[in-house]
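I would like to see how this sequence folds:
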Amino acid sequence: MTFAHPSVLPALAIPILLIVFQWRTHTRALPLPVDHSGMTHRRGLGVLLNLVNTLPALVLATVILIAAGPRTFERPQSKRKLTNILFCLDVSGSMASSFGPGDRFDAATDALNDFLDYREGDAFSLLVFGGDTLRWVPLTTDVSAFKNAPNFLHPQDLPPWFNQGTAIGKALRQGRKELLTSESGDRMIILLSDGMSFDLSNGNDVKIARELAGDDITVYAIHIGGGAAPPEVSVISSMTGGETFAAGDPEALKAVFTRIDEMAQASLVRLTPDPVDHFQPYLITALSLAGTYLFTLFGLRHTPW
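Predicted coordinates:
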């Protein structure tokens with residue numbers, strides 16, 4: 001229990017002094033001068049009258065407590081911890097290869113958008129890469145931009161200088177910079193690619209993995225198409241606490257996203273309870289004491305004869 005205005009509390013000395021004075025003053029009937037009969041002392045009645053006469057002081061004490069602004073804390077609650085998820089999407093020319101009823105790019109973007117639907121509450125960013133990188137969507141909880149991205153990012157619609165090559169290492173480093181702009185929450189990169197990267201050789205895979213792991217960024221890599229993912233990509237996923245998957249068809253690709261969602265469940269964060277006003281018990285007490293005192297005035301009081 002706390003008070004918003006604790007400086008008011010010293011005023012409680014007033015009702016305390018009134019109660020002390022009441023109990024140190026003997027309550028008895030006062031005979032009139034014309035009354036020559038002796039007075040019978042009734043100790044029990046005196047105690048009862050003292051109790052009744054302390055009620056106004058108790059009401060005053062309760063009013064002082066109300067003026068001090070009593071506060072209590074809300075019940076502790078929990079909320080879903082935000083996960084910042086960055087998609088590194090390969091838009092090199094090979095992503096236009098046939099894959100199920102469409103091509104690899106179409107399957108990747110369809111599965112990506114389905115993944116967004118069951119990760120409500122997280123923040124997402126989209127970075128596309130080929131020989132170079134481009135941040136298409138900054139970190140946001142508004143996923144409408146992802147729905148429209150396929151209309152602008154298909155490999156066949158991009159300039160040749162951009163989608164020639166598969167610079168996975170460059171994309172991961174750029175994704176790391178993007179995720180570090182987030183002030184709170186977990187950080188995750190989902191890499192979707194179908195090729196071998198020329199910038200992960202000569203130990204660069206380990207260097208990049210250490211950079212990402214040092215910033216608590218987990219990488220999940222999805223290799224789209226036939227065969228297994230490049231070993232360098234598997235090294236990065238493993239060192240950051242993620243995993244590498246291979247998807248040979250569109251259904252397998254969607255199943256991979258489901259698996260990632262199960263592995264990267266959002267945790268709950270316990271919220272610090274906020275103080276709130278807590279007047280009700282004091283108001284009820286003050287009204288009850290005042291009502292009791294008014295009731296006693298109908299008969300249970302001291303009379304001077």
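
can you map out the helices along the stretch 51-200 of the chain?
55-67, 104-117, 144-148, 150-153, 160-163, 168-179 (DSSP state H, counting those that start in this stretch).

okay, those helices in JSON lines with mean pLDDT, distance to Asp205 and mean neighbour count next?
For the C-beta atoms, the positions are set from N, CA and C on the backbone; glycine is no exception. As requested, the helices of the stretch 51-200 of the chain are exported to JSON lines (pLDDT from 0 to 100; distance: least, C-beta to C-beta, whole Å; neighbours: other C-beta atoms under 10 Å):
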{"stretch": "helix 55-67", "mean pLDDT": "89", "distance to Asp205": "67", "mean neighbour count": "18"}
{"stretch": "helix 104-117", "mean pLDDT": "89", "distance to Asp205": "22", "mean neighbour count": "20"}
{"stretch": "helix 144-148", "mean pLDDT": "82", "distance to Asp205": "28", "mean neighbour count": "13"}
{"stretch": "helix 150-153", "mean pLDDT": "86", "distance to Asp205": "26", "mean neighbour count": "14"}
{"stretch": "helix 160-163", "mean pLDDT": "83", "distance to Asp205": "23", "mean neighbour count": "15"}
{"stretch": "helix 168-179", "mean pLDDT": "93", "distance to Asp205": "7", "mean neighbour count": "22"}
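
reformat these as a markdown table; add distance to Gly225.
Formatted as a markdown table, the helices of the stretch 51-200 of the chain follow (distance: least, C-beta to C-beta, whole Å):
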| stretch | distance to Gly225 |
| --- | --- |
| helix 55-67 | 72 |
| helix 104-117 | 6 |
| helix 144-148 | 22 |
| helix 150-153 | 18 |
| helix 160-163 | 16 |
| helix 168-179 | 15 |
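
of those, which is nearest Tyr220?
Closest approach to Tyr220 among these (C-beta to C-beta): helix 104-117, 10.9 Å.

so what secondary structure elements neighbour the closest one?
Contact here means 3 or more C-beta pairs under 8 Å, 6 or more residues apart in numbering; DSSP states H and E; on that basis helix 104-117 packs against strand 83-90, helix 144-148, helix 150-153, strand 186-193, strand 217-224, helix 250-263.

relative to strand 186-193, how tilted is the last one?
Translated: helix 250-263. Computed by axes from the mean of the first three to the mean of the last three C-alpha atoms, to 10 degrees, the angle separating helix 250-263 from strand 186-193 equals 170 degrees.

about what we covered before: would a markdown table of the helices and strands packed on helix 104-117 with distance to Lys207 be doable?
Below are the helices and strands packed on helix 104-117 laid out as a markdown table (distance: least, C-beta to C-beta, whole Å):
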| stretch | distance to Lys207 |
| --- | --- |
| strand 83-90 | 17 |
| helix 144-148 | 30 |
| helix 150-153 | 28 |
| strand 186-193 | 16 |
| strand 217-224 | 14 |
| helix 250-263 | 25 |
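
nearest to Ser125, out of these?
Among the helices and strands packed on helix 104-117, the nearest to Ser125 by C-beta to C-beta is strand 83-90 (4.4 Å).

what strands flank that closest one, and is each parallel or antiparallel?
When pairing is defined by DSSP bridges, strand 83-90 lines up against strand 123-129 (parallel), strand 186-193 (parallel).

same question for the longest one, mean pLDDT?
The one in question is strand 186-193. Strand 186-193 carries an average pLDDT of 92.

which residues touch it?
Residues outside strand 186-193 that contact it (C-beta atoms under 8 Å, 6 or more residues apart in numbering) are 81-90, 92, 108, 112, 166, 168, 171-172, 175-176, 179-180, 212, 215-224, 233, 242, 260, 264, 266-267.

apart from its chain neighbours, what residue comes closest to Leu65?
Among residues not flanking Leu65 along the chain, Tyr282 sits closest, at 5.4 Å (C-beta to C-beta, 6 or more residues apart in numbering).

state the distance from the one you found to Gly69.
Tyr282 is 10 Å from Gly69, where distance means C-beta to C-beta, to the nearest Å.

please apply the same query to Val59.
18 Å.

how about Leu253?
Distance of Leu253 to Gly69, given as C-beta to C-beta: 59 Å.

of these two, who's got more company?
Using other C-beta atoms under 10 Å, the more surrounded residue of Leu253 and Gly69 is Leu253, with 25 against 16.

now the more buried one. Nearest residue, chain neighbours left out?
Leu253 sits nearest to Ala247 (C-beta to C-beta, 6+ apart), 3.9 Å away.

let me know the pLDDT of the one you found.
Looking at Ala247, the pLDDT reads 89.
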